[in-house]
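Engineer: Sequence and predicted structure below; questions after.
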Amino acid sequence: MDQDEALSNLNDYNEILQSEVYVDLERLRILARHGIPTQLRGEVWKYLLGVEQADRSKELSNSKTRTNEYQQMDKIDPEVSKRIRGEVSRYQRRVPELDNKRYAETFENIIIAYLNTNHDIEYNPALVSLCAPFIYALDKECDAYFCFERMMQAIEEYGVNNPLKERVASFMTLFRYVLPELCNYFEEEEVDLNEWITSWLQHLLAKEMQFENLVRLWDSYFAMSDPLEFHPFLCLSILRNAKENLEDLEQSEIRTVLLRLPPMNMSMVIADAFNLRHETLERQMIEDEDL
């Protein structure tokens, strides 16, 4: 995107966000699918995730309610704090965007508040990677918390109706179907498919993707009605785009690439994922008709 396009894009966003009465969520979603300007990302995410309401008449009172609610939350758990600090330290070494001492306390507060509010959920180091984009994009800690909570609720609810084992099995079928040569090559090299597929599907690539690519991907995801249904096709798109490179590597090198993905052109990868979903659904319809 050149300078003129970027400015025009920024103006389009500002026009929607500065509306005094009602924020046009449909227009916002259409724009967000193509990426959100960095300086507006946090504000747009709040609307897309339903933390901020389209009707602006109660915006101030809603904001105060959120702030008060977050202030009341229990953010103390010494044992979990220690584990979060260790994981945040490792995370910050590889993500310079969040390599700042002030972020470390925010990670602790948000994750512990989330766990203390959702007693059925246990601490997992992946929570740090899943929380990071919200800490980076949103100025207020309480807004970062509520956006993080909305996304985690969506992931949890999807997991209840679509158990991880079934999703992994379904993805393996798709992988063999769409990329048979690469799938065979992985099996020849004895690549542990479960290791990376499970993480890719469960954590929306938060642990594996370059940070800049991840926030760009989530722009599109938060603008969609069915991001978790779409996600397996995005994973296949990544594999299809990296196929030639992966077929030149040995087992340990493949594992390294899959667990720490290289920089990608996300607009291209997302567009390819839409095509893959369309092609796969069309093929399945034709096969169903033949039966």
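Structural biologist: On my side now, so go ahead.
Engineer: Please parse the chain into its domains.
Structural biologist: For the chain, the TED database gives the domain ranges 3-58, 78-149, 162-290.
Engineer: among those, which is nearest residue 65?
Structural biologist: domain 3-58 (9.1 Å; C-beta to C-beta). Bear in mind the C-beta positions are built from the backbone N, C-alpha and C, glycine included.
Engineer: what about that closest one, average pLDDT?
Structural biologist: For domain 3-58, mean pLDDT is 95.
Engineer: Equivalent analysis for stretch 237-254, please.
Structural biologist: Across stretch 237-254, pLDDT averages out at 97.
Engineer: Now it: buried residues?
Structural biologist: 237, 238, 239, 240, 241, 242, 246, 249, 254 (16 or more other C-beta atoms under 10 Å).
Engineer: Dump that stretch to CSV, restricted to CA.
Structural biologist: Extracted in CSV, the C-alpha atoms of stretch 237-254 (Å, rounded to 0.1, in the frame of the first residue of the first chain):
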residue,chain,number,x,y,z
SER,A,237,-2.4,-21.9,3.0
ILE,A,238,0.7,-21.4,5.0
LEU,A,239,1.8,-24.9,4.2
ARG,A,240,1.0,-24.5,0.5
ASN,A,241,3.0,-21.2,0.4
ALA,A,242,6.0,-22.8,2.2
LYS,A,243,5.8,-26.2,0.3
GLU,A,244,8.9,-25.9,-1.9
ASN,A,245,11.0,-24.6,1.0
LEU,A,246,9.8,-27.4,3.4
GLU,A,247,10.5,-30.1,0.8
ASP,A,248,14.2,-29.1,0.8
LEU,A,249,14.5,-29.6,4.6
GLU,A,250,15.1,-32.5,7.0
GLN,A,251,13.0,-33.4,10.0
SER,A,252,14.6,-31.2,12.6
GLU,A,253,14.7,-28.2,10.2
ILE,A,254,11.0,-28.7,9.3
